[in-house]
Structure formats: C-alpha cells, structure tokens
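K.L.:
3D model of this:
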Amino acid sequence: MTLEEKIKHLRTKAMEEARGEGNAIIKQHEDALRQLAKQHEEEVKRQVETRIKAEQVSAKQQLNMAMSKGQKNPGNWGTLDDIPDVSYVRNQLAVTPEFKETITHVQKFKVPKGTRIQIGIVGPQEYKNVIYPGGGTQVQIISLPSGRMLEPVGSAQRIY
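P.N.:
Below you'll find the predicted structure:
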C-alpha cells in the first residue's frame, strides 16, 4: 500500500467512525426528545383531567358522601361516583384518617337547585407516610341557596 493509499484508508476509516459517533449522538438526542414529548403529552392530559369545573346546580343533582358512625350532618365534600367500600373512599377519594377516622356508611343526598359547587378529580394525599392516590371524582359544595340544605335520599348504605 502506498503512502497515499494509507492516508486515504485512514481518512475513510476516521470519517466512518466520526459518522457513526455522530449518528449515535443524534439518536440519543432524538430518543431524549421523544421522551420529553411523551412526558409533555402526559402532563397536558393530566392537567386537562384534573381541571376544576365550577358551576351552579340548575337541576336536582345527587351526590354520595362517605359518613362515619354518629355523623349527623353532611360535610362539604361528596362524589358523583358510586362508593362500593371503605377502600374506595380511602384510595380513589383520598380520604385520610386525618379527615375522617372511621367510615361506616354512604348516604346519597339531593343537592338543591342554585347550589354553587366545584367538580374535579381527587388528587393524592399523604398522611403518616401513606399515600392515598386519588383519581375519583370530587364535588365540593361552595354555598347552598339561602335556607336550603342537602336532603338525604333513601337510607344510608353500610360499607366495609
């Protein structure tokens, strides 16, 4: 091999190696950008799903409330979801023992027309190093029309 052929061979090999390294760097960047785009799409979806919607009840609406033994009056938080058991209340509705120590039953209530409410997705809660994930639907009663109250519908349903 002549000197010129050796130089040409080295130049070719160096260019191939540089091209390979450059392509690997480009692939890494493309993969990182794809991952960032995926994370961004997931975040946008999460934000859309967790938006709080404020409204005034225009028709008779009902909601479910998890109640504790001896609790006579409803609170300001309920759900449009069916509540099958205490686990649902703790996990999907993220009701920690700090908020409600014991949960014994579910009561359905009729919400009077004109009640101001906010509806959204339950966010996670942490209490004593335990994560309560959330994800269910929550309804916060902001204000009831003057002189009106939530009316129980039927009898309370015991849950375990």
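K.L.:
and the gap between residue 79 and residue 22?
P.N.:
Going from residue 79 to residue 22 by Cβ to Cβ, to the nearest Å gives 55 Å. For the C-beta atoms, the positions are set from N, CA and C on the backbone; glycine is no exception.
K.L.:
which one's more surrounded, the two?
P.N.:
Between residue 79 and residue 22, counting by other Cβ atoms under 10 Å, residue 79 is the more crowded of the two (22 against 10).
K.L.:
need the contact list for that one.
P.N.:
Going by Cβ atoms under 8 Å, 6 or more residues apart in numbering, residue 79 touches 63-65, 93, 136-139.
K.L.:
ok, now which ones touch residue 53?
P.N.:
Residues near residue 53 by Cβ under 8 Å, 6+ apart: 118-120.
K.L.:
for residue 106, give me its contacts.
P.N.:
Residues counted as contacts of residue 106 (Cβ under 8 Å, 6+ apart) are 64-67, 83, 156-157, 159.
K.L.:
quick revisit: which of the contacts of residue 53 are buried? Put it as a ChimeraX command.
P.N.:
To isolate in ChimeraX the members of the contacts of residue 53 that are buried, counting by 16 or more other Cβ atoms under 10 Å, one can use:
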select :119
